[in-house]
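In: predicted model, plus sequence, below.
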Amino acid sequence: MARVAVVVPSYKVLPHIADVIKKIPTMVWRIYVVDDACPDGSGKFVEENLLDDRLRVIYHKQNQGVGGAVMTGYQAAIEDGVDIVVKIDGDGQMDPSLIPHFVEPILSGDADYTKGNRFYNLEEIRTMPTIRLFGNAVLSLMTKLSSGYWNLFDPTNGYTAIHTDVAKNIPFDKISRRYFFETDILFRLNTYHAVVIDVPMNAKYGEEVSSLKIHKIMGEFLFKNIRNFSKRVFYNYYLRDMSIASIELPLGLVLICFGLIFGGHHWLTSWQAGVTTAAGTVMLSALPLLSGLQLILAFLAYDIASVPRRPVHRRPIKSVE
């Protein structure tokens, strides 16, 4: 019998959290509400006003961000012997009735981790704020590169589920604590070769205001995605394994750099001298550039084909307690 738990990070969601908890289906064995030093006292509110034997409220003395709250919930679930942990937000934008859809692929052995994707239904996308739509598209492209999960979209979607056999292998102390949490955990899951799939969902945008400002976090996300991409390539293509892609990437970069430097130098020299660059010199610059580009594209093709497809959690689970 599989035990399913839900983690609800709680920070400034007092108007919505009670309704969210009441809608969590009966298939869930435990509900962890993590009060992330909420100034509204949402944890106390839940304890005093909601009568549900499944509830367990955990308090942070200091605010740790959504990532810190989720990691606290994961640790509590692992200690309690939970099999699958679902994370939903307490702001009412995620429909608790969808929990079975996130759990089922893990129960059936098709995935180790599932996450929501709000971009499946083109009609529903129209309800999404334009700036958020554009920001998610840019962030999704960056996340594909850094995480290696080319089959995923909507990386900042916080509706997720994970098998605890996989969660136990996540270095909780290294996961980003703030908005980069969802993207960072995908990078960690890829280094563990976990299978991740998207679950179609619709988001509900009511009166609540998201604290995630795309224009403010784009620079931070770009830097951290480049960092994670570099780490992933090193871990997967040089430290733990070697393949033809391990040669294609550095050789492609060297050829592109050579072509740019060689061509740039001769173009500048010719421009200063007021003469036309020789055709042979142009070819000596263009050929390394084109060859390097082909090698980089070959590396990307290999990387796309290397998306994990075999779940790593150890035991099949067929029923829910």
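Out: Okay, I see it.

In: quick one: contacts for the residue nearest the centre of the chain?
Out: In the chain, the centroid-proximal residue (CA atoms, centre = their mean) is T183; its distance is 3.0 Å. By CB atoms under 8 Å, 6 or more residues apart in numbering, T183 lies in contact with L139, T143, S146, S147, P155, T156, S176, F221, K224, N225, N228. No exception for glycine: its C-beta is placed from N, CA and C like everyone else's.

In: of all the residues you listed, which two lie farthest apart?
Out: Maximum pairwise distance in the contacts of T183, criterion CB to CB, is 14.7 Å, between T156 and N228.

In: for F229, which non-adjacent residue is closest in space?
Out: Excluding its sequence neighbours, the residue lying closest to F229 (CB to CB, 6 or more residues apart in numbering) is S146, at 4.3 Å.

In: and T156 and N228? Which one has more around it.
Out: N228 (25 against 22; other CB atoms under 10 Å).

In: report the mean confidence score over the helix or strand in which that one is found.
Out: Here N228 sits within helix 214-234, counting by DSSP states H and E. Average pLDDT, helix 214-234: 85.

In: now do that helix: which elements does it pack against?
Out: On a contact count with 3 or more CB pairs under 8 Å, 6 or more residues apart in numbering; DSSP states H and E, helix 214-234 meets helix 130-147, helix 181-191.

In: ok, residues contacting that helix?
Out: Under CB under 8 Å, 6+ apart, the answer for helix 214-234 is 131-132, 134-135, 138-139, 142-143, 145-148, 176, 179-180, 183-184, 187, 190-191, 249.

In: so which bits of whichever helix or strand comes after it are buried?
Out: Using DSSP H and E, the helix or strand that follows helix 214-234 in sequence is helix 244-273. The neighbour-count check on helix 244-273 (16 or more other CB atoms under 10 Å) flags A245, S246, E248, L249, G252, L255, I256, F258, G259, G263, H266 as buried.

In: now render these as CSV, adding pLDDT and distance to D95.
Out: Listed next are those as CSV, based on pLDDT from 0 to 100; distance: CB to CB, whole Å:
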residue, pLDDT, distance to D95
A245, 95, 40
S246, 96, 44
E248, 96, 44
L249, 96, 42
G252, 97, 45
L255, 97, 50
I256, 97, 47
F258, 96, 54
G259, 94, 52
G263, 91, 55
H266, 87, 61
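
In: name the residues that touch stretch 166-180?
Out: Contacts to stretch 166-180, defined as CB under 8 Å, 6+ apart, come from residues 64-68, 71, 74-75, 77-78, 85, 112-113, 156, 181, 183-185, 188-189, 192, 194, 212, 217, 220-221, 224, 312-313.
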